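1. build me a structure from this.
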Amino acid sequence: MPTVVIPSSLGGVAATNPFGVTFYVSNTTNPTEGQGSPGTTAQGRSPKNPFTTIQAAINAATNGRGDTIIIQRGTYTETLTVDVPGLTLVGSVPYGYPDHVIIQGVTTITASNVSFYNIEFFSNSADAASTVIGLFTAGVNSSWFEACSFASNGTIEPEVGSIVWGGNDHVYRNCRFVDNTFGLVLRANTDDFASHVEVMDCEFYENTTADITTNAIAAAAATVANSGGVAGSGVDQGVRNFRCVRNDFGVGEVTPTDFVNIVGASSGYMADNYFASATNASATITIPAGVLYAGNHTEAGEQTARPA
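-> Model (predicted):
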């Protein structure tokens, strides 16, 4: 991932992007698209003359240049397609407060090497399979999510916070998955398994069925299959080189049916995670032999044995 310079003025993100062009988005008090004030910079190139939709800023970006989109606080009801390689999208709020910049709708990522910081992806609409997807990583490589939130409105079942559909090098750090049916779903596409997936320092709470899973989702199977995946058959696919470290599972009033359900020919490790469960035996964790399990915690303390 390209390094993002984070100044204090944005609680984090640079107003000047040394890697490419910086675009600005605001849908509240600034001029509408195409207007702007006399003598100002081009549309989207200044906080005083921003784009009013995120998609307009994405469309203005250039492939591989390393452009950055800075999004002012607000709720953006959009169906987004992120199709520009090397793009970074940042919520212009203090680090760790993604619920002040909300994308309300489905976001589909079709380009590699994209990064997101301080953004909440909020599910509020159903696809053809009646499955709400807050974020859908569609068979691309190198996606990075930091200090983001994946949530749903709890009215359409099943709801999915984020789906990784194949590809390599997907990272979630300091993120929250809340009020979903499934928090994070890791699936294969027609080419290969999802691989090198890192989930670190994240929180999972109020997800009803699973926090992290590789299993086929009954109502979502057709959706993934229609997108070129192989989930329609219900075959368990697994994930390669899965790294799950220092996460909190089951925080809140709802304990999911499964904290983690990783199946198939999977590999990787789980370490230093905390589960809201009395003992290791009662924690609903399913992992195959290829996934190392060490130094995880329940109410009984550190657990050295694999889940029973």
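
2. now do the helices in the stretch 201-308 of the chain.
-> Here the stretch 201-308 of the chain has its helices, by DSSP state H, counting those that start in this stretch, at 221-226.

3. low pLDDT regions in it?
-> Within the stretch 201-308 of the chain, the ranges that satisfy pLDDT under 70 run 216-237, 251, 282-283, 308.

4. would you map the strands across it?
-> 203-205, 210-213, 239-245, 248-249, 258-261, 268-271, 274-275, 285-286, 291-294, 296-298, 301-303 (DSSP state E, counting those that start in this stretch).

5. quick one: strands adjacent to the fifth one?
-> Strands flanking strand 258-261 in the sheet, each with its direction: strand 210-213 (parallel), strand 285-286 (parallel) (DSSP bridges).

6. ok now it, how far from the chain's centre?
-> A distance of 18 Å separates the centroid of the chain from that of strand 258-261, by Cα atoms, centre = their mean, to the nearest Å.

7. count of residues packed around residue 293?
-> Using other Cβ atoms under 10 Å, residue 293 has 20 neighbouring residues. All C-beta atoms are positioned from the backbone trio N, CA, C, and that covers glycine.

8. scratch that, residue 281
-> So residue 281, with other Cβ under 10 Å, has 12 neighbours.

9. for residue 207, see how far away it is.
-> 21 Å (Cβ to Cβ, to the nearest Å).

10. then residue 305?
-> 25 Å.

11. equivalent analysis for residue 296, please.
-> Applying Cβ to Cβ to residue 296 and residue 207 gives a distance of 18 Å.

12. and for residue 173?
-> From residue 173 to residue 207 the distance is 18 Å (Cβ to Cβ).

13. those two: who's more crowded?
-> The neighbour comparison of residue 173 against residue 207 (other Cβ under 10 Å) goes to residue 207, with 32 against 17.

14. nearest residue to the more buried one other than its sequence neighbours?
-> residue 183 (4.3 Å; Cβ to Cβ, 6 or more residues apart in numbering).

15. coming back round to it: so which of the strands of the stretch 201-308 of the chain gets nearest residue 194?
-> With respect to residue 194, and counting by Cβ to Cβ, the nearest of those is strand 239-245 at 5.0 Å.

16. packing partners of the closest one?
-> strand 194-200, strand 268-271 (3 or more Cβ pairs under 8 Å, 6 or more residues apart in numbering; DSSP states H and E).

17. any idea which of these is most buried?
-> Using mean count of other Cβ atoms under 10 Å, the stretch among these with the largest mean neighbour count is strand 194-200, at a mean of 22.

18. go through the helices and strands packed on strand 239-245 and name the closest to residue 188.
-> Residue 188 sits nearest to strand 194-200 of all the helices and strands packed on strand 239-245, at 6.4 Å, using Cβ to Cβ.
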